[in-house]
Every structure is written in structure tokens, then in C-alpha cells.
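Undergrad: build me a model:
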Amino acid sequence: MGLSVNSSSASALKAFGTKLAVSANNVANVQSEDFKKSRALVTEGENDSVKVDISKVNTDGPIVTETFNNKMVQRELSNTDIAEEFTQQIITQYGFEANTKTIRTKDEMLGTLIDIMG
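TA: Below is the predicted model of the structure:
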């Protein structure tokens with residue numbers, strides 16, 4: 001087990017952190033008028049690294065009609081779906097935990113190896 005475990009797990013932790021931040025931004029702006037959600041896709045990068053690609057989702061949000069100064073006004077709300085965001089956050093949490101366990105296991109194995117050799 002070389003250093004690649006630590007570097008790939010560390011890059012995965014960073015990618016999952018970015019994905020969680022994107023989702024948190026979407027949730028924070030759920031009531032923002034005309035806000036377009038972003039999507040973070042975690043993929044395999046070069047040299048066993050993990051990268052995240054962020055893109056804007058340009059689907060329309062719901063249109064609401066309101067009365068403002070005795071006039072009917074239509075406005076578009078955010079296209080963020082709270083249920084989808086929470087589901088993505090749970091999936092991201094599991095990915096984060098799995099990579100944390102990988103680093104912890106490597107540290108335990110190195111500790112055991114040092115104890116055996118010492």
C-alpha cells in the first residue's frame with residue numbers, strides 16, 4: 001500500500017467537500033428568485049485522483065403569479081429540489097466516510113507494522 005492510498009483518499013475528501021458545498025449553496029438559495037442550481041459530479045481523475053466537475057442546471061423553476069401594486073406579476077422561482085439535494089448530501093456523506101475509513105485503516109496498518117518491527 002503506497003502513498004497513492006493517502007493521496008487518492010485525500011483528493012476524494014476534497015472532491016466530496018466541494019460537492020457538499022455546491023449542494024449547500026443550492027439549499028441556501030432555494031427561495032432565491034431566478035436561482036439556477038448547480039450540480040457537482042465526482043469522477044476519476046488522473047493518477048488515481050478524484051475530481052469534481054461543477055455545472056449549472058438551466059431548467060426552469062416553477063412560475064408563480066402574485067399581485068404586486070394591484071398588478072398581476074409572474075416570477076420564476078429557484079429550480080432547486082430540496083428532496084434531491086438532501087439525497088445527494090447523504091450520498092456525499094457516505095463517500096466522505098468511506099474515504100476517511102480508508103485513511104484510518106492505512107494509519108492503523110502502518111502502526112501495527114511499526115510495532116512488529118520495533
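
Undergrad: which helices and strands sit right next to whichever strand or helix holds residue 72?
TA: Counting by DSSP states H and E, the element that carries residue 72 is strand 71-76. The contact analysis (3 or more CB pairs under 8 Å, 6 or more residues apart in numbering; DSSP states H and E) places strand 71-76 against strand 63-68. C-beta here means a position set from N, CA and C on the backbone, and glycine is covered the same way.

Undergrad: name the helices or strands packed onto the strand it packs on?
TA: Counting contacts by 3+ CB pairs under 8 Å, 6+ apart, the secondary-structure elements packed against strand 63-68 are strand 71-76.

Undergrad: which SSE is immediately downstream of the strand it packs on?
TA: As assigned by DSSP H and E, the chain's next helix or strand after strand 71-76 is helix 82-117.

Undergrad: ok so, going back, what angle separates the strand holding residue 72 from strand 63-68?
TA: Orientation check (axes from the mean of the first three to the mean of the last three CA atoms, to 10 degrees): strand 71-76 against strand 63-68 gives 150 degrees.

Undergrad: contacting residues around strand 71-76?
TA: For strand 71-76, the external contacting residues (CB atoms under 8 Å, 6 or more residues apart in numbering) are 33-34, 60-67.

Undergrad: any idea of the mean pLDDT for stretch 73-91?
TA: Per-residue pLDDT over stretch 73-91 has a mean of 94.

Undergrad: can you give me the end-to-end span of it?
TA: This stretch, stretch 73-91, spans 39 Å end to end (CA to CA, to the nearest Å).

Undergrad: show me what counts as buried in that stretch.
TA: Buried residues in stretch 73-91, defined by neighbour count with 16 or more other CB atoms under 10 Å: 77-81, 85, 88.

Undergrad: do the same with stretch 90-97
TA: By neighbour count on 16+ other CB under 10 Å, the buried set for stretch 90-97 is 92, 95-96.

Undergrad: before we move on, back to that, with distance to residue 49 added, can I get the buried residues of stretch 73-91 in TSV?
TA: Output for the buried residues of stretch 73-91, formatted as TSV (distance: CB to CB, whole Å):
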residue	distance to residue 49
77	37
78	32
79	31
80	29
81	30
85	26
88	21
